[in-house]
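1. Predicted model and sequence follow; I will ask about them next.
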Amino acid sequence: MDLNGKLLIAMPAMGDPRFERAVVFMCSHSPEGAMGLIVNKPRPDIKFQALLAQVGIRHSTGGRGVGVHYGGPVEPGRGFVLHSDDYSTGKTTMQVAGGYGMTATVEVLEALARGAGPARALMALGYAGWGPGQVEAEILRNDWLTADAPQDLVFSADDGGKWGAALRLLRIDPLTLSAAAGRA
């Protein structure tokens, strides 16, 4: 199972409140582990313009509406920009399946501040990480569903609607999804 460029959608019975109703974009998945960014939990306490000022970047466009999200519980002070693949810093941009890139350097912030950079982007503070085999075990335990990751959903400004929209990709009505899981 290759999860690169896919979504993990938290099941209603998710026991970890940090991942309740989470939609996680998977940036990297290999036998060594996995890394993803939660794309539907905004950080209303942090505005992109304020973040730019905090790191000493002057902005002329206000970041074109780039939202700041809680990316996950690992390294919550570290920033990641998930973006469309029309932008790259070279070696420091990770190309991700499905037309995405992920950059964790100041260059992408400076480009966004100038009104340049990727056409679509979101900022995440922290990330979700899994050790070898851990995410696969969580999927088998029915903690997560997996789906393709359309950019219109990932970069949507409707963070509150992303979980339901991700389920609808799988033709699942969120209102009928049970918190109980089982095996036949």
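-> Yes, it's here. Residues are numbered from 1 along each chain as shown.
2. Output the worst-scoring helix or strand of the chain on mean pLDDT as CSV, restricted to C-alpha atoms.
-> Within the chain, no helix or strand scores below helix 48-54, which has a mean of 87 by mean pLDDT, DSSP states H and E. The C-alpha trace of helix 48-54 is given here as CSV (Å, rounded to 0.1, in the frame of the first residue of the first chain):
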residue,chain,number,x,y,z
PHE,A,48,0.1,34.0,8.3
GLN,A,49,1.0,37.7,8.3
ALA,A,50,1.9,37.6,12.0
LEU,A,51,4.0,34.5,11.4
LEU,A,52,5.9,36.2,8.6
ALA,A,53,6.6,39.2,10.9
GLN,A,54,7.7,36.9,13.7
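3. Report the buried residues of that helix.
-> Phe48, Gln49, Leu51, Leu52 (16 or more other CB atoms under 10 Å). (Each C-beta comes from the backbone N, C-alpha and C, glycine too.)
4. Dump these into JSON lines; add distance to Arg21 as well.
-> As requested, these are exported to JSON lines (distance: CB to CB, whole Å):
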{"residue": "Phe48", "distance to Arg21": "23"}
{"residue": "Gln49", "distance to Arg21": "28"}
{"residue": "Leu51", "distance to Arg21": "25"}
{"residue": "Leu52", "distance to Arg21": "29"}
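5. What is the nearest of those to Gly99?
-> Using CB to CB, Phe48 is the member of the buried residues of helix 48-54 that lies nearest Gly99, at 22.3 Å.
6. Pretty sure the closest one sits against Ile57.
-> No: look at Phe48 against Ile57 with CB atoms under 8 Å: they stay out of range, at 10.3 Å.
7. any weak-confidence spans in this structure?
-> 60-64, 178-184 (pLDDT under 70).
8. which stretches of it form helices?
-> In the chain, the helices defined using DSSP state H lie at 48-54, 106-113, 134-140, 151-154, 162-169.
9. who's in contact with the shortest one?
-> The contact list for helix 151-154 (CB atoms under 8 Å, 6 or more residues apart in numbering) reads 7, 23, 25, 39, 82, 84, 98-100, 120, 122, 162, 165-166, 169.
10. Alright, that wraps it up for me.
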